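S.K.: here is my input, please return the structure:
(one chain, ligands or ions: 1)
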Amino acid sequence: MKRILDENPAKKHLLLLVLIFGLLLASFVTGCQPETKSTPKVELLPEAQTEPAPSPIVEPSPTPSLINVRSVTTQADFPQSLTFNLEVESNSEITDIELRYKIKKVTMAVVTTTIKPDFTPANRVGTSWIWDTRKASLPPGAEIEYSWVIKNATGDRLKTEPARLIFDDSRYQWQELVMGKVRLFWHQGDQSFGQQLMDAAQAALGKLARDTGAELEKQAKIYVYADSQDLHGALVFPQEWTGGVAFPEYGVIAIGISPSNLAWGKRTVAHELAHMVIHQVTFNPYSDLPTWLDEGLAMYAEGDLRKDLEGMLTQAISANTLFSVRSLGSGFPAEFKDAGLAYAESYSLVKFLIDNYGSEKMLNLLQVFKQGSGYDDALLTVYGFDIDGLDDLWRASFGLRYRPVTWFQTSLLDLALAFTVVYSPKAAGLA
Ligand SMILES: [Zn+2]
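M.R.: Here you go, the predicted structure:
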C-alpha cells in the first residue's frame, strides 16, 4: 500500500480528503442529534411533571407529599415533670403522631415506651406530652432517649433521629469534678469541699477493690445537695431519715451534705458508692443480695464502724440480743435503734468474712450471687456453711454459743432452727 501511495500522490490526496470529509460529516450528525430531539420534548411536557419528583421515602404514594418537622423541644421541671413538644407540617393531613422514649439504665433491659399525644389532624400540627416524672421516680441526671414518629393521610411516615436528654436538676448551678468513673456535682461549698468528697469516694473504691475485688464497672454520678431538706426537694417520696439515696440502675447517687457536716458526708458518699459497685458486680434478673451483705459491704467501705453503732453492737453482744443473720436477710427493722444494730451487725459480719476467709472468697461470693444463687446455697458453695452456720461461727467469735429466739424470728422455720440449737446443740454442731 505504501508503495502504491508513494507511486500515486494524486490518489493519496483524494483518499485523505474523503477521510476528512467523512469524519466531519459524522461529527456534525452526532452533535446535532440531541439538540434536535430535546427541544420538542420540553415543550411537550405537561405542567405537573415539571414539579420536583417525589423522594424515595414517600413512594409508593400516588400523590407526592412531604413531612417536615419544624421543631422538637423539651422542658424539664425537675423533679415533677418533663414536657416533650413537637411542631410538624405536611402537604397532606397529619393523622398519627407517636412519641417513643426509653430511660437509659445501667443494668436493666431497656424498655421503649410509646405515647400517643392528643392533637387534631391538620396539615400543620403542634402537640405536647407531659410526663409526670414523679410516677417514674426519676433521679437527677437520669438519661432519656426519645424520637417522634409522624404519619400523614397519604401514608408517608417520618421518624426523627433519636435525641438524648439528661433530666438535670436545673434549679441549681452545679460544680463538677471528674475522677475515673466518678462524676461529682455539688452546688454549695467551695472547691475543697467537692475535692474532699471526691477523695472519700476514691478511698472507698480503693478499699472495696483491695478487700473484696469488687470495682465500679460503669460511670457513677453523685449529686451533693446542700442539706437533707434540699435533698428531699429532689426526691419524690423521701423517707424521713433519708440522708442519701442510691439509684443503682441509673448510676446516680443523691446526698444532702452541708459543708458543716463534711465528716458524715464523706461516710455517706463512700456508703452509697459502695452500694452502686455491689449492684453493678452482682446484678442479675433472678435474685438479690441478702440485706446484711449489701449493707455490710457499704458500711465496710466507709472505714471503721461508727462509734455509736459500735456501742450498740457491743451492748447487744453482752446482752445476747443480736439479731440472727437469717433475720437480716430481707430488709431491716424500721425503728431507728433496731436499724442501727442491724447495720452494725452487717458491718461486723462482712468484716468477719473478709478477716477470716480473705478478699478472694468475698469476690467469689459476689460472683456466685450474680448467677442468681439463693442465700444459703451461695454461702455453702463458697464457704462450706449456710446462713445459720455463718451465724454460729460469727457468734462464736464473740464467745456466744446459741441464738436466742428474738421478736424478729417470727417464721416457723426460724423457731424450729432456734429450738434445735437450744435443745440439741449436738445436732446443730455446737457441742
Ligand atoms: Zn445502705
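S.K.: longest strand in the chain, by number of residues?
M.R.: Secondary structure of the chain per DSSP state E: the longest strand is strand 81-104.
S.K.: within its sheet, name the partner strands of it and how each one runs.
M.R.: Strand 81-104 has the following strand partners under DSSP bridges: strand 67-77 (antiparallel), strand 112-115 (antiparallel), strand 122-132 (antiparallel), strand 142-152 (antiparallel).
S.K.: do I have it right that residue 169 meets residue 77?
M.R.: No. With contacts defined as Cβ atoms under 8 Å, residue 169 does not count as touching residue 77, sitting 10.6 Å away. Just so you know, the C-beta spots here come from the backbone N, C-alpha and C atoms, and that holds for glycine as well.
S.K.: the two: which is more packed in?
M.R.: Set side by side, residue 169 and residue 77 show more neighbours around residue 169, with 19 against 12, by other Cβ atoms under 10 Å.
S.K.: how far away is the residue nearest to that one when sequence neighbours are not counted from residue 259?
M.R.: Distances taken as Cβ to Cβ, 6 or more residues apart in numbering place residue 140 nearest to residue 169, at 4.1 Å, with adjacent residues excluded. Applying Cβ to Cβ, to the nearest Å, the value for residue 140 to residue 259 is 20 Å.
S.K.: those two: who's more crowded?
M.R.: When residue 140 is set against residue 259 and neighbours are counted by other Cβ under 10 Å, the residue ahead is residue 140, at 25 against 15.
S.K.: ok so, going back, please save the CA atoms from the longest strand of the chain in PDB.
M.R.: Listed in PDB are the C-alpha atoms of strand 81-104, where the atom choice follows Å, rounded to 0.1, in the frame of the first residue of the first chain:
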ATOM      1  CA  SER A  81     -42.300  16.700  85.000                       C
ATOM      2  CA  LEU A  82     -40.700  16.600  81.600                       C
ATOM      3  CA  THR A  83     -42.600  18.100  78.600                       C
ATOM      4  CA  PHE A  84     -42.000  17.000  75.000                       C
ATOM      5  CA  ASN A  85     -43.000  19.400  72.300                       C
ATOM      6  CA  LEU A  86     -43.400  18.800  68.500                       C
ATOM      7  CA  GLU A  87     -44.300  21.100  65.600                       C
ATOM      8  CA  VAL A  88     -44.700  19.400  62.300                       C
ATOM      9  CA  GLU A  89     -46.300  20.200  58.900                       C
ATOM     10  CA  SER A  90     -47.100  18.300  55.700                       C
ATOM     11  CA  ASN A  91     -48.800  18.900  52.400                       C
ATOM     12  CA  SER A  92     -51.400  16.300  53.400                       C
ATOM     13  CA  GLU A  93     -53.200  16.000  56.700                       C
ATOM     14  CA  ILE A  94     -51.100  14.700  59.600                       C
ATOM     15  CA  THR A  95     -53.100  11.800  61.000                       C
ATOM     16  CA  ASP A  96     -50.800  10.000  63.500                       C
ATOM     17  CA  ILE A  97     -48.200  11.100  66.000                       C
ATOM     18  CA  GLU A  98     -46.200   8.900  68.400                       C
ATOM     19  CA  LEU A  99     -43.600   9.700  71.000                       C
ATOM     20  CA  ARG A 100     -41.200   6.900  71.800                       C
ATOM     21  CA  TYR A 101     -38.800   7.100  74.700                       C
ATOM     22  CA  LYS A 102     -36.600   4.900  76.800                       C
ATOM     23  CA  ILE A 103     -34.800   5.500  80.100                       C
ATOM     24  CA  LYS A 104     -31.200   4.600  80.000                       C
END
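S.K.: find the residue at the geometric middle of this structure.
M.R.: residue 105 (2.3 Å; Cα atoms, centre = their mean).
S.K.: just give me the neighbour total for whatever residue of the chain ends up closest to the ion.
M.R.: Of all residues in the chain, residue 298 sits closest to the ion, at 4.4 Å by Cβ to the ion. Counted with other Cβ under 10 Å, residues neighbouring residue 298 total 27.
S.K.: hang on, the earlier thing: let me see the contact set for the residue nearest to the centre of the chain.
M.R.: 249, 250 (Cβ atoms under 8 Å, 6 or more residues apart in numbering).
S.K.: apply 6 Å and report the result again.
M.R.: Applying Cβ atoms under 6 Å, 6 or more residues apart in numbering, one finds that residue 105 lies in contact with residue 249.
S.K.: report pLDDT for the closest residue to residue 76 other than its chain neighbours.
M.R.: Closest residue to residue 76 apart from its sequence neighbours, by Cβ to Cβ, 6+ apart: residue 82 at 5.3 Å. Predicted confidence (pLDDT) for residue 82: 95.
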